[in-house]
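> coordinates only, no sequence provided:
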């Protein structure tokens, strides 16, 4: 069975600084997807970034980038130039690369951005 | 972008009554929809996977007879909490996948259920 672990329950960062959120996972699959989702106080889940395991290049989306280490089964999220609007819960998620499958979420990291 | 709505956004009901929550994909057809439950300050827990025109697949430990899921069309799935009790109070979230694969999912805004 696949598991996703987020070891940082809470993180804080000052506005304009950089912060990295950690995520590790366990799987015997070779091909899969990894995701970071953001859940702001409104509780609307928003996809931040996704990575396909067969792609060696780390995904980036504007200020968000990942450090994907397949051998280490690590998938961290770096947020550059943090903004107040980045304050949210961040969930790391795993999905097998199959026709249809489900998301497996980590326990989440609560990020607070201070002015 | 793809939009998923949920109705109602919040509901309060008395213990023993049933509550129906709707999940709609507004601008795309969703072959597969997912229902999650989220307790305060916790992660999302998948309850069931719903495919249009077929019976839902429930996760282990989720009572099928208590949480009835119907996916009658490509744009609508419903979750009915039957004979609700205070322990069913939670935040319920649905997601819908675009196309025939489920790697791209869009989430609804959630429904807060409070059972008195």
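Looks like it came in fine. Model, not experiment: these values are computed from the prediction.
> leaving out chain neighbours, which residue sits closest to the residue of chain A found nearest chain B?
Closest residue of chain A to chain B, CB to the nearest CB: residue A:45 (3.8 Å). (C-beta placed from N, C-alpha, C; glycine too.) Nearest residue to residue A:45, sequence neighbours excluded (CB to CB, 6 or more residues apart in numbering or on different chains): residue B:107, at 3.8 Å.
> can you tell me the number of residues neighbouring the one you found?
Residue B:107 has 22 neighbours, counted by other CB atoms under 10 Å in any protein chain shown.
> what are the bridge partners for it, then?
residue B:95 (DSSP bridges).
> and it, how far is that from residue A:29?
24 Å (CB to CB, to the nearest Å).
> figure out the helix or strand that the residue nearest the centre of chain A lives in.
For chain A, the residue nearest the mean C-alpha position is residue A:36 (3.1 Å; CA atoms, centre = their mean). Using DSSP states H and E, the element containing residue A:36 is strand A:32-39.
> mind listing the strands that strand pairs with, and their directions?
Take DSSP bridges as the rule and strand A:32-39 pairs in its sheet with strand A:46-52 (antiparallel), strand A:88-96 (antiparallel).
> out of those, which one sits most buried?
Across the strands paired with strand A:32-39, averaging neighbours per residue (mean count of other CB atoms under 10 Å in any protein chain shown) puts strand A:88-96 on top, at a mean of 23.
> and that one, what's its mean pLDDT?
Here strand A:88-96 scores 96 as its mean pLDDT.
> right, and the helix or strand after it?
strand A:104-105.
> name the residues of the next helix or strand after that next one that are buried.
Going down the chain from strand A:104-105, the next helix or strand is strand A:109-114, by DSSP H and E. Within strand A:109-114, the residues that count as buried by 16 or more other CB atoms under 10 Å in any protein chain shown are A:109, A:111, A:113.
> okay, the first one and residue B:103: tell me how far apart.
Noted for residue A:109: a distance of 23 Å to residue B:103, by CB to CB.
> kindly report the same for residue A:4.
Residue A:4 sits 16 Å away from residue B:103, going by CB to CB.
> who's more crowded, these two?
Per other CB under 10 Å, whichever of residue A:4 and residue B:103 has more neighbours is residue A:4, with 23 against 20.
> helix or strand for the more buried one, which one?
Short version, using DSSP H and E: residue A:4 is in strand A:3-5.
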